[in-house]
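K.L.:
Task: produce atomic coordinates for the following.
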Amino acid sequence: MRVEQNLLTIEELEALLFEWQGRLCLTEWDIVLKIVRRSEFGEEDNQADITYNESSAQGIVRILDPIDWDNDLFNQDMEKALVHELLHLMWHDFEPADEESREHVLWHRRLETTARIMVMLKRGGLARSMEDKEVR
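P.N.:
Okay, the predicted model is just below:
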């Protein structure tokens, strides 16, 4: 099932940041949100990233500007990207140190799956998806 394109303004993303910080119990964090161009990402395939300072509880989430989205197979979902980055913050203590390890790949995939499920649940899409399977 292909996700609908979910392109948002910075104001809409900031409202979602506030909402998801509450949902994920991250309200003690001061998080700044930015929409950035592809050239500002170090890695070519990033949709978003987060940097943070645990001791000051401050972070910056950067989300790829839709202008630079060049994937013909999958639509950009800025809300899911935001949730994915917040899950990085929430679960950073459990992140495997070796980014090249199989454990890290699997850990990161679980964050992605969790973000997708949480956003689908919020939108009511998971229930619709399950109903579609029951009809068949």
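
K.L.:
C-alpha from now on. contacts and neighbour counts both.
P.N.:
Fine.

K.L.:
Which helix runs longest in this protein?
P.N.:
The residue-count maximum for a helix in the chain (DSSP state H) belongs to helix 102-123.

K.L.:
Give me the buried positions along it.
P.N.:
Neighbour counts using 16 or more other Cα atoms under 10 Å place H104, W107, H108, L111, E112, T114, A115, R116, M118, V119, M120 of helix 102-123 among the buried residues.

K.L.:
Next up, the contacts around the first one.
P.N.:
By Cα atoms under 8 Å, 6 or more residues apart in numbering, the contact set of H104 is E95, P96, A97, D98.

K.L.:
Switch those over to CSV; also include pLDDT and neighbour count.
P.N.:
Shown next, in CSV, are these (pLDDT from 0 to 100; neighbours: other Cα atoms under 10 Å):
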residue, pLDDT, neighbour count
E95, 89, 15
P96, 90, 16
A97, 90, 10
D98, 91, 10
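
K.L.:
Filter these down to just the ones in helices.
P.N.:
Per DSSP H, those never map to helices.

K.L.:
Turn these into CSV, columns for distance to D49.
P.N.:
Formatted as CSV, those follow (distance: Cα to Cα, whole Å):
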residue, distance to D49
E95, 15
P96, 17
A97, 17
D98, 18
